[in-house]
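*Asks:* Below are the sequence and a predicted model; questions follow.
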Amino acid sequence: MNREALFCDGTQDYVIPAESEENEKVILRFRTAHNDVEEVKILVGNRSHSMWRAKSTDEFDYYEIECQLGTEPFKYSFRSRKASRSVISTDAESLITGRIITRSSLFPGSPRRPGRKGL
């Protein structure tokens, strides 16, 4: 699995709309290398949901899912899987123990600065 290609952040390219409001639906995107993973899921609390491949280029695949925000911060991470190897990714930090872990949060109603990484 090409770990260098795994990517997401809080910009308008990966969170739509970028400046979300309370109780709004948002689309979250996650990028992988082209044809490099078998499955991508979003992890929210103790639940996981499959994402769908929405777009592909020669270099990357982009997975999406629509999520419903509430009034509390929406915390999430992504899990990508290739064969028996699983990688959990977000944009804040990496821990390598057979997995890469990062966490992100959306705070409804708070503006995001372009290029700003998640929490």
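*Replies:* Done, it's in.

*Asks:* Surely Ala5 and Phe30 touch.
*Replies:* No: counting by CB atoms under 8 Å, Ala5 stays clear of Phe30, with 10.6 Å between them. In this view, the C-beta of every residue, glycine as well, is placed from N, C-alpha and C.

*Asks:* Between these two, which is the more surrounded one?
*Replies:* Set side by side, Ala5 and Phe30 show more neighbours around Phe30, with 26 against 16, by other CB atoms under 10 Å.

*Asks:* Tell me who's in contact with the more buried one.
*Replies:* Shown in contact with Phe30 (CB atoms under 8 Å, 6 or more residues apart in numbering): 6-8, 14, 40, 42, 51, 62-64, 78, 80, 89.

*Asks:* Return the closest of the residues you listed with respect to Ser20.
*Replies:* Tyr14 (12.2 Å; CB to CB).

*Asks:* Right, I'll call it a day here.
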